[in-house]
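[1] need a structure here:
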Amino acid sequence: MDAIETERLVLRNFRRDDAADLFAYLAAPRAGCFLDLRLADLDAAAAEAQARSGDDEHIAVALRGTGRLIGDLFAVPEPPDTYAVGWNFNADFGGAGYAAEAARALFGHLFGAKQARRLYAYVEDHNRASQRLCERLGMRKEGHFLDFVSFRTDAQGAPIFENTMQYALLRREWRGEEGRA
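    Below you'll find the predicted structure:
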């Protein structure tokens, strides 16, 4: 993908040299939905960064001044014109508005260059930070699914199911929200 620059960030393809920064937040993922992405060591992180470099679904978010990876976005196409979107950021960079800035730029790209009609995101019901981000981006809650998915098991190996919310945004809604997001 062609890089997208914002005031403070660059959204770009992953590079192998992103491995250490990727490992910093995927050694112990905070959100349950990213547990299957847990990285055991720097070699695994290098392999993951290399694998992600080959597609446009995984988008590296780097600081504009230094190029340091601080998180990532994903945009998975569902033909003909819908994308599943999400984000995962290093907690050390939380609270500075980077996730909102990056997601806003991605949404603009998807609705503009990619002509997306609809974007949606799943968020665990206990992940208030991601819920607030969805709302700041103008997304509306479409559903609350009880015992929807399991990312972990209990001591006996039984799945622990999580409640999940779905948020969505249509292109026509984005056009109305863009100046306020």
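
[2] Does anything pack onto the helix or strand hosting Arg152? Which helices or strands?
    Using DSSP states H and E, Arg152 sits within strand 140-153. Counting contacts by 3 or more C-beta pairs under 8 Å, 6 or more residues apart in numbering; DSSP states H and E, strand 140-153 packs against strand 159-170. Every residue, glycine included, has its C-beta placed from N, CA and C.

[3] which helices and strands does the strand it packs on pack with?
    The contact analysis (3+ C-beta pairs under 8 Å, 6+ apart) places strand 159-170 against strand 118-124, helix 128-136, strand 140-153.

[4] Recalculate using a threshold of 7 Å.
    Contacts defined by 3 or more C-beta pairs under 7 Å, 6 or more residues apart in numbering; DSSP states H and E place strand 159-170 against strand 118-124, strand 140-153.

[5] And that strand, what's buried?
    Under the neighbour-count criterion of 16 or more other C-beta atoms under 10 Å, strand 159-170 has 162, 164-170 buried.

[6] Just name the most buried of the helices and strands packed on strand 159-170.
    Sort the helices and strands packed on strand 159-170 by mean neighbour count, taking mean count of other C-beta atoms under 10 Å, and strand 118-124 sits at the top with a mean of 20.

[7] That strand pairs with which strands?
    Using DSSP bridges, strand 118-124 pairs in its sheet with strand 82-89 (parallel), strand 159-170 (antiparallel).

[8] So what angle separates the directions of it and strand 140-153?
    Following axes from the mean of the first three to the mean of the last three C-alpha atoms, to 10 degrees, one obtains 40 degrees for the angle between strand 118-124 and strand 140-153.

[9] contacts for strand 118-124?
    Under the criterion C-beta atoms under 7 Å, 6 or more residues apart in numbering, residues 31-33, 81-86, 107, 110, 130-131, 134, 139, 162, 164-170 lie in contact with strand 118-124.
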